[in-house]
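Colleague: Prediction below, plus the sequence it came from.
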Amino acid sequence: DAKTTQPPSMDCAEGRAANLPCNHSTISGNEYVYWYRQIHSQGPQYIIHGLKNNETNEMASLIITEDRKSSTLILPHATLRDTAVYYCIVRVAFYSGGGADGLTFGKGTHLIIQP
Amino acid sequence: GAVVSQHPSRVICKSGTSVKIECRSLDFQATTMFWYRQFPKQSLMLMATSNEGSKATYEQGVEKDKFLINHASLTLSTLTVTSAHPEDSSFYICSARAGVYQPQHFGDGTRLSIL
């Protein structure tokens, strides 16, 4: 799986858009960009994923650059409940050869929403 | 949709006992389930991948005889920590995937404390 680089922490004011960057310059053509978040003492929560087109769902938007070397997760109207560690993970959709097929979590970005 | 339930949420037990943790996909059938472990202030680490009806695939360094995984149905996987010791104290988290192109969805984790 391609390596990702995220800032260790970010602050955002409540009600504003939170833009979380992720660099993945070694991404290959069949690798997707996944975003998860982990609120303290809970399991990770799936947010969104994409291959090359921008994606939007009820939680967030994912903007992937044309060269696919970086992406941005956008939380349009951040609330205090969005304070969490956000993980950007790049990987193929699945390993057809079977075997271990899990996600590799880095250190993520600790997003703190300020009141 | 895509709810994964994990039970129990917290376990405290004496050294030498065995502990079973259940992971259930409540509203979908999971062909593959995963078990992760997270130590304090660290990221999740994949322990094993479990496909329904077959033996689990363990990550390097994870003892398969100590961490027994059973995935007998499409909605249930169990992790048994056998003869647990204080160094096994950790946050154990399962995830489940409905299909090979679907994202993983996580349970809320089990905090295991061995005295």
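Modeller: Perfect, thanks for sending it.
Colleague: Now for A:Tyr32: which residues touch it?
Modeller: A:49-51, A:90-93 (CB atoms under 8 Å, 6 or more residues apart in numbering or on different chains). (Glycine included, C-beta is placed from N, CA and C.)
Colleague: so it is in which element?
Modeller: strand A:31-38 (DSSP states H and E).
Colleague: Return the alpha-carbon coordinates of that strand using PDB.
Modeller: Only the C-alpha atoms of strand A:31-38 are listed here, as PDB (Å, rounded to 0.1, in the frame of the first residue of the first chain):
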ATOM      1  CA  GLU A  31      -5.400   2.100  -5.200                       C
ATOM      2  CA  TYR A  32      -8.300   3.900  -3.500                       C
ATOM      3  CA  VAL A  33      -8.200   6.700  -1.000                       C
ATOM      4  CA  TYR A  34     -10.100   5.800   2.200                       C
ATOM      5  CA  TRP A  35     -10.900   8.100   5.100                       C
ATOM      6  CA  TYR A  36     -11.700   6.900   8.600                       C
ATOM      7  CA  ARG A  37     -11.900   8.700  11.900                       C
ATOM      8  CA  GLN A  38     -11.600   7.500  15.500                       C
END
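Colleague: List the buried residues for it?
Modeller: By neighbour count on 16 or more other CB atoms under 10 Å in any protein chain shown, the buried set for strand A:31-38 is A:31-38.
Colleague: so how far is that strand from its chain's centroid?
Modeller: 4 Å (CA atoms, centre = their mean, to the nearest Å).
Colleague: Which strand residues bridge the residue nearest to A:Pro7 when sequence neighbours are not counted?
Modeller: In space, and not counting its chain neighbours, A:Pro7 is closest to A:Thr109: 5.4 Å by CB to CB, 6 or more residues apart in numbering or on different chains. Beta-bridge partners recorded for A:Thr109 (DSSP bridges): A:Tyr86.
Colleague: can you count the residues close to A:Thr109?
Modeller: 22 (other CB atoms under 10 Å in any protein chain shown).
Colleague: same thing with A:His110?
Modeller: 16.
Colleague: For B:Ser9, give me the backbone phi and psi.
Modeller: phi -80, psi -30 (degrees, to the nearest 10).
Colleague: Quick check: the residue nearest to the spatial centre of chain A vs B:Ser50, distance?
Modeller: Closest residue to the average C-alpha location of chain A: A:Trp35 at 2.8 Å, with CA atoms, centre = their mean. Going from A:Trp35 to B:Ser50 by CB to CB, to the nearest Å gives 24 Å.
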